[in-house]
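Student: below are the sequence and a predicted model; questions follow.
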Amino acid sequence: DFVWGDQGTRIQIESARGKRGRKARAMRCVTVATCQLNQWALDFDGNAKRILESIKLAEEAGAAYRLGPELEITGYGCNDHFHEADTFEHSLEVLALLMTESPPAMLIDVGMPWIHQGAKYNCRVLYQNKQILLIRPKMYLAMDGNYREGRWFTRWMKHAVVEETVLPKIIRDLTGTSKAAFGDGYISLLDTSIGVETCEELFTPQAPHIRQSLNGVEIIGNGSGSHHELRKLNLRLDAIKEGSKKAGGVYLYANQQGCDGERVYYDGCAMIVCNGELLVQASQFSLNDVEVITATVDLDTVTTYRTSVMSRSAQAADALPYHHVQHELEISKSYGVVTPPMLKARIHSPQEEIALGPACYLWDYLRRTGLSGFFLPLSGGIDSSSTACVVASMCRLVHEACHAGNAQVLADVRRITKQPDDYVPSSPQELAGYIFYTAYLGTRNSGDATRGRSKGLAGEIGSNHLDINIDTVTDALITVFAKFVGMTPVWNASPSEDLALQNIQARVRMVLSYMLAMLAPMSLGRSGGLLVLGSGNVDEALVGYLTKYDCSSADINPIGGICKTDLREFIRYSIETFKFVTLESILEAPPTAELRPIEEGKAEQTDEEDLGMTYSELTEFGKVRKILKCGPVGMFRKLQSVWTHLSADEIAAKVKKFFVRYAQNRHKTTVLTPAYHCENYAPDDNRFDLRPFLYNSWWPWQFRKLDEEVKRMASAAAVAPNRATAAGTAVDDQNSKRRRTDGTDMKL
């Protein structure tokens, strides 16, 4: 009944009869569409426009069913705006607009908030031809990490129960009906059935798609709002593929993509999976506001797949009933070009993720602020150089999108750079020359090497670069202090004086950075202000290795959620990919703040010496503290099996040092620059890592218990050799007896 078409696609023969005059088997081919949208919290105009564009693209591809992201009408990150009646009112207005302008034959699934019987729910609304078929509330809310859905929404707790909800007037006037089905159900069509799952529900032990599939649901749509973390995509992909493989069926995944107005970047990667095989995968990082993917599947393959596994069939026969809404609609065709499986999923390396995710995030952030570009204090070290490389990567992506004809990106570029309507950047460096400003803010404690590296990298990227000495400012502040306080702080006189002299340099850099961000474009005859970029990494934030209100204080920090180890690998990647040769010397140089006087031409301080621990150790501390959820004693126990090269005393000393520094400096996390969320052990105090910022930094009880445990281990280690010696002596005695016995026997 089939022939093979281009790229391995399977096509049904059009003839009415097959071999021997038999009628050819009719297929149940259905084309389904899912998408990823760059939605923005409370941007109802823009959100509606992007939803309608996705529906249009799905229709042009012949799709009978379109799935969209979670809360796509409002944007996912509205947060406490979900407590406002306005948000729900405008959501209904957008829904009415969508229902009016959608093609009547298409079944459409959109995400939005809904109020039912006085409770707010995170819902999927499925409609067709101006009729709401089902409003399906989310059953399991995301309440960990960056998510706080339970603060705004109620979870639906009535499994497989569907009730009636009274429709608001604006929807009643459009549909001509007063009520709609609301609850945990699925839609039964004439030729198939469609179920619903929302984001977090996929990852629960009793995921709804399992029970739905046992009740015969063949197509399941998951509208999601999932953010990017390094090395996370494969976990999401595995969960979707495994769920589809176990249950059988067609699984569609939609997601938001872009900066929704918070610290996270939604990383798209919409996909369609059938019977555990990936058919189509959208981009993970992109400057496109709308991306739609489609697949054509033969639903009979779902039936064959499921009925071939008898244990699954037995569970289906015994499955509890699931409420469904019957709808007189047929979406399949008896012929079609079936989409073949992809050979391999596209998963970026961590270095590529750093190059692409924060870059796309920065572009969204810039174009939505109305400002003219970025300013970065570029010290010539790994951290600030990594931030600069992220901006360079952004310029490359924007340049590529412009030359690919992306109308939205072109419009944004011309608006930001204030260039004519026909302007197209000729290179990433040219674009950087319009929107990127850097400065080396040196003192007498700065070295020529870092100054040269800063200038070299700025030249390779194409930024507008300044070399500024700030000694006159810091000296003036010290003079004012000495005049009114009656003392002049000097180096090496006391720890307090050393720290004050270092901090004043750092804080002057912050003040000057903001002045440059306001006025640097004007010096080139341009208008508009700049966003100040920070460049502190996640490990240093964890122990507060930064000066409060120094140049780590900025508008946004694209690398604030990335560890030092990954940043070093990103620099290596940038050397190979961007051909920035200056990065080679930056990679070789030891990290240093250059805040203390230089002695004999060599920087006196290095970051790891200041910290009293290596960056790799810091990363380990961060993961054990946050991911494994350990305090001092628990961390000591976990690290025993990891740091086998260290004694118990050494591990205990390092754990104590970490927790003392962490406790003393936790208050700094309350004023950290908003950072792109990238690591699952970040200390972000805004939402992700909620903890006190005033500790008893001596941890008396915990450290006492830790010392007791170290002593017990030492005692056990001391006893063990004695026992081994005693056991060895007993064995020797027994062997001696045997030898004497054997000798006697031989004589006899």
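Tutor: Sure thing, it's come through. Numbering: from 1, shown residues only.
Student: got the contact list for whatever helix or strand residue 296 lives in?
Tutor: Using DSSP states H and E, residue 296 sits in strand 290-298. The contact list for strand 290-298, computed with Cβ atoms under 8 Å, 6 or more residues apart in numbering, reads 27-38, 50, 53-54, 57-58, 61-63, 250, 257, 268, 270-272, 274, 279-283, 336-339. Heads up, the C-betas are built off the backbone N, CA and C, glycines and all.
Student: stretch 539-546 too?
Tutor: The contact list for stretch 539-546 (Cβ under 8 Å, 6+ apart) reads 536, 552, 560, 563-564, 607, 610-611, 615, 618-619, 621-622, 625, 658, 661-662, 664-669, 672, 675, 681-683.
Student: show me where pLDDT drops low in the protein?
Tutor: Residue ranges of the chain with pLDDT under 70: 1-26, 599-605, 721-748.
Student: check contacts around the residue positioned nearest the centre of it.
Tutor: For the chain, the residue nearest the mean C-alpha position is residue 228 (1.7 Å; Cα atoms, centre = their mean). Counting by Cβ under 8 Å, 6+ apart, residue 228 touches 264-267, 284, 353, 357, 677-678.
Student: is it possible to mark the buried ones in the residues you listed?
Tutor: Neighbour counting by 16 or more other Cβ atoms under 10 Å classes 264-267, 284, 353, 357, 677-678 among these as buried.
Student: out of those residues, which sit inside helices?
Tutor: Among the buried ones among the contacts of residue 228, the residues falling in helices (DSSP state H) are 353, 357.
Student: max pairwise distance over the buried ones among the contacts of residue 228: which two?
Tutor: Farthest-apart pair in the buried ones among the contacts of residue 228 is 284 and 677; separation 15.4 Å (Cβ to Cβ).
Student: so what's residue 136 up against?
Tutor: With Cβ under 8 Å, 6+ apart, residue 136 has these contacts: 123-126, 182-185, 196, 198.
Student: cool, and residue 445?
Tutor: 505, 594-598.
Student: next up, phi/psi of it, please.
Tutor: Dihedral pair for residue 445: phi -90, psi -10, per degrees, to the nearest 10.
Student: what's in contact with stretch 503-521?
Tutor: When contacts are defined by Cβ under 8 Å, 6+ apart, stretch 503-521 is touched by residues 372-373, 375, 377, 437, 439, 441, 443, 445, 464, 466, 468, 470, 473-474, 477-478, 527-532, 547, 549-554, 593, 595.
Student: and these, which of them are buried?
Tutor: Using 16+ other Cβ under 10 Å as the burial test, those include 372-373, 375, 377, 437, 439, 441, 443, 445, 464, 466, 470, 473-474, 478, 529-532, 547, 550-554, 593, 595 as buried.
Student: elements contacting whichever strand or helix holds residue 574?
Tutor: Assigned by DSSP H and E, residue 574 belongs to helix 564-578. Using 3 or more Cβ pairs under 8 Å, 6 or more residues apart in numbering; DSSP states H and E, the elements in contact with helix 564-578 are helix 350-369, helix 382-403, helix 582-588, helix 615-626.
Student: can I get the CA coordinates of it in CSV?
Tutor: Extracted C-alpha coordinates of helix 564-578, given in CSV (Å, rounded to 0.1, in the frame of the first residue of the first chain):
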residue,chain,number,x,y,z
LYS,A,564,34.3,29.0,36.9
THR,A,565,35.1,25.6,35.4
ASP,A,566,32.4,25.9,32.7
LEU,A,567,33.5,29.5,32.0
ARG,A,568,37.1,28.3,31.3
GLU,A,569,35.7,25.7,28.9
PHE,A,570,33.6,28.4,27.3
ILE,A,571,36.7,30.5,26.8
ARG,A,572,38.4,27.6,25.0
TYR,A,573,35.3,27.2,22.9
SER,A,574,35.4,30.9,22.0
ILE,A,575,39.0,30.6,20.9
GLU,A,576,38.1,27.8,18.5
THR,A,577,34.8,29.2,17.3
PHE,A,578,35.2,33.0,17.3
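Student: returning to that earlier point: among the helices and strands packed on helix 564-578, which is the most enclosed?
Tutor: helix 382-403 (a mean of 24; mean count of other Cβ atoms under 10 Å).
Student: how about residues contacting the following helix or strand past it?
Tutor: Following helix 382-403 in sequence order, the next helix or strand is helix 407-417 (DSSP H and E). For helix 407-417, contacts defined as Cβ under 8 Å, 6+ apart pick out 287-289, 363, 366-367, 371-373, 398, 401-402, 419-421, 423-425, 431, 434-435.
Student: chain center to helix 407-417, what's the gap?
Tutor: When distances are taken as Cα atoms, centre = their mean, to the nearest Å, helix 407-417 is centred 26 Å away from the chain's centroid.
Student: may I see the buried residues of the first helix or strand past it going along the chain?
Tutor: Sequence-wise, the next helix or strand downstream of helix 407-417 (DSSP H and E) is helix 428-435. For helix 428-435, burial by neighbour count (16+ other Cβ under 10 Å) applies to 428-429, 431-435.
Student: and the angle for helix 428-435 with helix 382-403?
Tutor: 110 degrees (axes from the mean of the first three to the mean of the last three Cα atoms, to 10 degrees).
Student: who does helix 428-435 touch, helix- and strand-wise?
Tutor: Judged by 3+ Cβ pairs under 8 Å, 6+ apart, helix 428-435 is in contact with helix 382-403, helix 407-417.
Student: could you point out the helix or strand that follows it?
Tutor: Next element after helix 428-435 (DSSP H and E): strand 436-442.
Student: now the angle from that next one to helix 382-403?
Tutor: Calculated by the same axes, to 10 degrees, strand 436-442 forms an angle of 170 degrees with helix 382-403.
Student: what angle do the next helix or strand after strand 436-442 and helix 382-403 make?
Tutor: Sequence order places helix 448-461 as the next helix or strand after strand 436-442, per DSSP H and E. Computed with the same axes, to 10 degrees, the direction of helix 448-461 lies at 10 degrees from that of helix 382-403.
Student: what are the buried residues along helix 448-461?
Tutor: Buried residues in helix 448-461 (16+ other Cβ under 10 Å): 450-451, 453-458, 460-461.
Student: can you check stretch 86-96 too?
Tutor: Of the residues in stretch 86-96, 87-88, 90-96 count as buried by neighbour count, 16+ other Cβ under 10 Å.
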